[in-house]
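Novice: coordinates only, sequence not included:
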């Protein structure tokens, strides 16, 4: 099972990548850096929270995880 710290670290690095991508796309579509950053921060915050919940729930699911044979 993955540690909570590892899950959080993965979520943060994923959201940094998403923040940069969303900011660039929103800036392209709106022409406003302030609007783009506001939109990106909102989506990053909600995405981070939902990603952590999603990962922790999946960490409890044993389906698809086989035992390793020596």
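Specialist: Everything's here; your move. Predicted, not measured: the structure shown is a model, and the values here were computed from it. Numbering: from 1, shown residues only.

Novice: which outside residues touch stretch 55-70?
Specialist: With contacts defined as CB atoms under 8 Å, 6 or more residues apart in numbering, stretch 55-70 is touched by 1-2, 4, 7, 10-11. C-beta: built from backbone N, CA, C; applies to glycine.

Novice: do stretch 36-50 as well
Specialist: 11-12, 15, 18-19, 22-27, 30.

Novice: List only buried entries from the contacts of stretch 55-70.
Specialist: Among the contacts of stretch 55-70, those scoring as buried are 7, 11 (criterion: 16 or more other CB atoms under 10 Å).

Novice: Quick one: the contacts of stretch 55-70 as a markdown table, columns for secondary structure, distance to residue 51 and pLDDT too.
Specialist: Shown next, in a markdown table, are those (DSSP: H, G, I helix; E, B strand; the rest coil; distance: CB to CB, whole Å; pLDDT from 0 to 100):
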| residue | secondary structure | distance to residue 51 | pLDDT |
| --- | --- | --- | --- |
| 1 | coil | 17 | 76 |
| 2 | coil | 13 | 82 |
| 4 | helix | 13 | 86 |
| 7 | helix | 9 | 87 |
| 10 | helix | 8 | 89 |
| 11 | helix | 5 | 80 |
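
Novice: Make JSON lines out of the contacts of stretch 55-70 and add distance to residue 49.
Specialist: Formatted as JSON lines, these follow (distance: CB to CB, whole Å):
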{"residue": "1", "distance to residue 49": "21"}
{"residue": "2", "distance to residue 49": "18"}
{"residue": "4", "distance to residue 49": "14"}
{"residue": "7", "distance to residue 49": "12"}
{"residue": "10", "distance to residue 49": "14"}
{"residue": "11", "distance to residue 49": "9"}
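
Novice: Widest-spaced pair of the contacts of stretch 55-70?
Specialist: Between any two of those, the greatest separation by CB to CB is 16.1 Å, found for 1 and 11.

Novice: Helix, strand, or coil at the residue lying closest to residue 14 once chain neighbours are set aside?
Specialist: Sequence neighbours aside, residue 51 is the residue nearest to residue 14 in space, at 6.5 Å (criterion: CB to CB, 6 or more residues apart in numbering). Following DSSP: H, G, I helix; E, B strand; the rest coil, residue 51 is assigned to helix.
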